[in-house]
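S.K.: predicted model and sequence follow; I will ask about them next.
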Amino acid sequence: MGKAKCRWAAELGYDPVYGTRLLKRLLQGQRETQLIETLIAGDVPDGANVSVTTDG
């Protein structure tokens with residue numbers, strides 16, 4: 001993850017009251033949104049398995 005993305009995640013994913021709980025929700029939301037967009041676009045055939053990986 002580049003510095004800009006780390007800064008973005010830190011700014012949106014941290015709250016003094018809730019700590020980093022928001023970060024988990026933020027990252028989950030990003031992955032779910034990408035997966036849903038891929039499925040809606042028809043890029044995944046029926047019955048296919050989808051794997052999610054991270055780089056680094």
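M.R.: That came through fine. In this text the structure is predicted, and so the values were computed from the model without any measurement.
S.K.: shaky segments in this protein?
M.R.: Per-residue confidence for the chain (pLDDT under 70) gives these ranges: 1, 54-56.
S.K.: got the contact list for the host helix or strand of residue 33?
M.R.: Residue 33 belongs to helix 21-40 when elements are defined using DSSP states H and E. Contacts with helix 21-40, where a contact means Cβ atoms under 8 Å, 6 or more residues apart in numbering, come from 9-10, 12-15, 44, 50, 52. Yep, even glycine has a C-beta here, placed from its N, CA and C like the rest.
S.K.: can you tell me which of those residues are buried?
M.R.: Among these, those classed as buried by neighbour count (16 or more other Cβ atoms under 10 Å) are 9, 13.
S.K.: how about residue 15, phi and psi?
M.R.: Backbone geometry at residue 15, expressed as degrees, to the nearest 10, gives phi -140, psi 140.
S.K.: how about the contacts made by it?
M.R.: Residue 15 neighbours (Cβ under 8 Å, 6+ apart): 21-22.
S.K.: for it, give the beta-bridge partners.
M.R.: Taking DSSP bridges as the rule, residue 15 bridges to residue 19.
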